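*Asks:* Sharing a model prediction with you, sequence too.
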Amino acid sequence: VQGAGQALHKLLLSAQRRSCLTAGVYESAKLMNVDSDHVAFCVLATDEEDEGDVALQIHFTLIQAFCCENDIDIVRVNDVPKLAAIVGPSEVSGEQRDLHCILITNPNEDGWKDPDLEKLNYFCEERRNANDWVPTITLPE
């Protein structure tokens with residue numbers, strides 16, 4: 001699992017450099033509605049204070065269902081501040097983004113071959129075989 005956390009950390013940085021990262025529940029939902037074929041990976045993130053947010057949990061359920069239906073691998077992260085330290089504020093506005101949902105997109109048809117994305121796809125496949133459909137990943141320190 002530690003290898004998965006490291007792979008996710010590297011993938012987020014790589015996707016951000018390539019402008020292949022969409023952050024935010026609403027932004028992600030819009031993208032999935034318009035261009036789901038190019039979504040390669042989904043990260044859902046919560047903290048303890050989010051557990052009681054019914055609206056957020058409903059959004060998560062819908063996003064998970066959409067990802068399962070469209071064969072998009074999905075993981076959970078339980079540390080939004082750590083995610084914020086990796087992804088940082090919006091490059092456009094400089095403001096902190098909603099990091100509850102992050103999509104990694106693949107802009108071209110043949111896709112970009114990212115070894116960390118492949119590691120995470122393999123990790124998710126292994127977890128599904130153990131009936132863990134949305135595995136939780138711990139990001140490295």
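*Replies:* Happy to help now that I have it. Numbers count the residues shown, from 1 in each chain.

*Asks:* residues contacting Met32?
*Replies:* Contacts for Met32 (C-beta atoms under 8 Å, 6 or more residues apart in numbering) come out as Val39, Ile63, Phe66, Asn70, Leu103. (C-beta placed from N, C-alpha, C; glycine too.)

*Asks:* From Pro135, how far out is Gln96?
*Replies:* From Gln96 across to Pro135, the span is 26 Å (C-beta to C-beta, to the nearest Å).

*Asks:* So between these two, which is more surrounded?
*Replies:* Pro135 (18 against 12; other C-beta atoms under 10 Å).

*Asks:* Now name the helix or strand holding the residue nearest to the more buried one when sequence neighbours are not counted.
*Replies:* Once flanking residues are discounted, Pro135 sits nearest to Arg127: 4.0 Å by C-beta to C-beta, 6 or more residues apart in numbering. In the assignment (DSSP states H and E), Arg127 maps to helix 115-129.

*Asks:* who's in contact with the spatially most central residue of the chain?
*Replies:* Geometric centre of the chain, nearest residue: Val43, 2.0 Å, by C-alpha atoms, centre = their mean. Val43 sits next to Leu8, Leu12, Ile74, Val75, Arg76, Val77, Leu83, Cys101, Ile102, Leu103, Ile104 when contact means C-beta under 8 Å, 6+ apart.

*Asks:* what about the residue nearest to it when sequence neighbours are not counted, which SS state?
*Replies:* Spatial nearest neighbour of Val43, excluding adjacent residues (C-beta to C-beta, 6+ apart): Ile102 at 4.3 Å. Secondary structure assignment for Ile102 (DSSP: H, G, I helix; E, B strand; the rest coil): strand.
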